[in-house]
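Q: Make a model of this:
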Amino acid sequence: MTRWRAASIHLGLSLSIFVLFLAQTFLVWYPVPYFSAMGIWGLLGLLAGVDVLLGPALTLLVFKSGKKSLAFDLTVITMVQLAALGYGGWTVMMARPVFVVFDGNKFAVTTALYANKNPAAAPAFRQPSLFGPVFGYTKYAEKDLFHYILKAGVGDRQAAIIADYQPFEGNESKVVAAAKPLAAFASQAAGKTPQFRAYLAAHPTEQRLAVNISWRDQDGIALLNAKTALPETIVLLQ
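A: Okay, the predicted model is just below:
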């Protein structure tokens with residue numbers, strides 16, 4: 001076997017595995033609109049470079065039929081690829097949105113990193129889902145510190161927050177009541193990323209209502225689906 005054929009086989013295998021990983025990421029962990037909004041392109045690009053390009057390139061470099069150390073060399077390359085994919089996959093998985101909950105003013109997104117098993121929560125929120133985000137409603141905003149100080153004391157405040165989550169079904173009207181036309185958020189977006197202004201310019205007849213949405217240190221505007229009252233498009237503010 002020539003080194004070019006070996007590298008080609010390696011490239012095909014690496015690409016197949018990475019495509020499966022991308023399908024899991026795009027279709028399950030980060031469904032529209034969360035993938036583009038939550039900014040994991042950089043990590044996926046790094047993973048693609050290491051797992052799809054670097055591995056086969058190293059195989060092309062070291063492969064020589066009959067070489068005594070060939071098995072060792074290929075094993076090391078494979079282990080490096082698997083380690084990179086494992087670390088990157090774990091990072092992507094833990095940053096995925098698991099709970100998207102409306103608190104009366106905005107949607108708050110909880111990522112898997114901050115959502116541990118919680119027996120005190122409603123059934124849908126007792127542990128992070130592996131099959132996309134779960135939507136909910138709470139009458140307490142995360143800023144209601146007094147409520148959560150009384151409830152959690154010195155314990156896990158995040159667990160106390162999640163314990164108040166309720167199913168989203170039946171609470172759609174509360175989202176619609178709090179929603180506003182997109183143009184009403186112009187003052188909030190002033191001086192921040194041009195994405196908001198660019199979206200307004202590209203969609204001057206946008207009729208969907210919107211509310212704020214936040215996760216980690218990121219804020220955005222969620223345009224709502226008219227039927228479900230769930231986020232359909234996210235326009236970043238930072």
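
Q: so who does the nearest residue to Y114 once chain neighbours are set aside touch?
A: Closest residue to Y114 apart from its sequence neighbours, by C-beta to C-beta, 6 or more residues apart in numbering: Q158 at 5.5 Å. Where you see a C-beta, it was placed from the backbone N, CA and C, and this is true even at glycine. Q158 makes contact with 110, 114-116, according to C-beta atoms under 8 Å, 6 or more residues apart in numbering.

Q: Grab the longest helix from the protein for me.
A: helix 70-94 (DSSP state H).

Q: for the helix or strand just after that helix, what is the average pLDDT?
A: Under the assignment DSSP states H and E, the closest C-terminal helix or strand after helix 70-94 is strand 97-102. In this model, strand 97-102 has an average pLDDT of 94.

Q: Give the other helices and strands that the helix or strand H10 falls within contacts.
A: Using DSSP H and E, H10 maps to helix 3-24. Judged by 3 or more C-beta pairs under 8 Å, 6 or more residues apart in numbering; DSSP states H and E, the packing partners of helix 3-24 are helix 41-48, helix 55-62, helix 70-94.

Q: in it, what counts as buried?
A: 6-7, 10-11, 14, 18, 21 (16 or more other C-beta atoms under 10 Å).

Q: can you state the direction angle for that helix and helix 55-62?
A: 170 degrees (axes from the mean of the first three to the mean of the last three C-alpha atoms, to 10 degrees).

Q: Okay, angle between helix 3-24 and helix 70-94 too, please.
A: Using the same axes, to 10 degrees: helix 3-24 against helix 70-94 is 20 degrees.

Q: Just the CA coordinates for helix 3-24, please, in PDB.
A: Extracted in PDB, the C-alpha atoms of helix 3-24 (Å, rounded to 0.1, in the frame of the first residue of the first chain):
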ATOM      1  CA  ARG A   3       1.400   6.300   1.600                       C
ATOM      2  CA  TRP A   4      -1.100   8.200  -0.500                       C
ATOM      3  CA  ARG A   5      -3.600   5.400  -0.300                       C
ATOM      4  CA  ALA A   6      -3.100   5.000   3.400                       C
ATOM      5  CA  ALA A   7      -3.600   8.700   4.000                       C
ATOM      6  CA  SER A   8      -6.700   8.600   1.800                       C
ATOM      7  CA  ILE A   9      -8.200   5.800   3.800                       C
ATOM      8  CA  HIS A  10      -7.400   7.600   7.000                       C
ATOM      9  CA  LEU A  11      -9.000  10.800   5.700                       C
ATOM     10  CA  GLY A  12     -12.100   8.900   4.700                       C
ATOM     11  CA  LEU A  13     -12.400   7.300   8.200                       C
ATOM     12  CA  SER A  14     -11.700  10.600  10.000                       C
ATOM     13  CA  LEU A  15     -14.200  12.500   7.900                       C
ATOM     14  CA  SER A  16     -16.900   9.900   8.400                       C
ATOM     15  CA  ILE A  17     -16.500  10.100  12.200                       C
ATOM     16  CA  PHE A  18     -16.400  13.900  12.200                       C
ATOM     17  CA  VAL A  19     -19.600  14.100  10.000                       C
ATOM     18  CA  LEU A  20     -21.400  11.900  12.600                       C
ATOM     19  CA  PHE A  21     -20.200  14.100  15.400                       C
ATOM     20  CA  LEU A  22     -21.400  17.200  13.400                       C
ATOM     21  CA  ALA A  23     -24.800  15.600  12.900                       C
ATOM     22  CA  GLN A  24     -25.200  15.000  16.600                       C
END
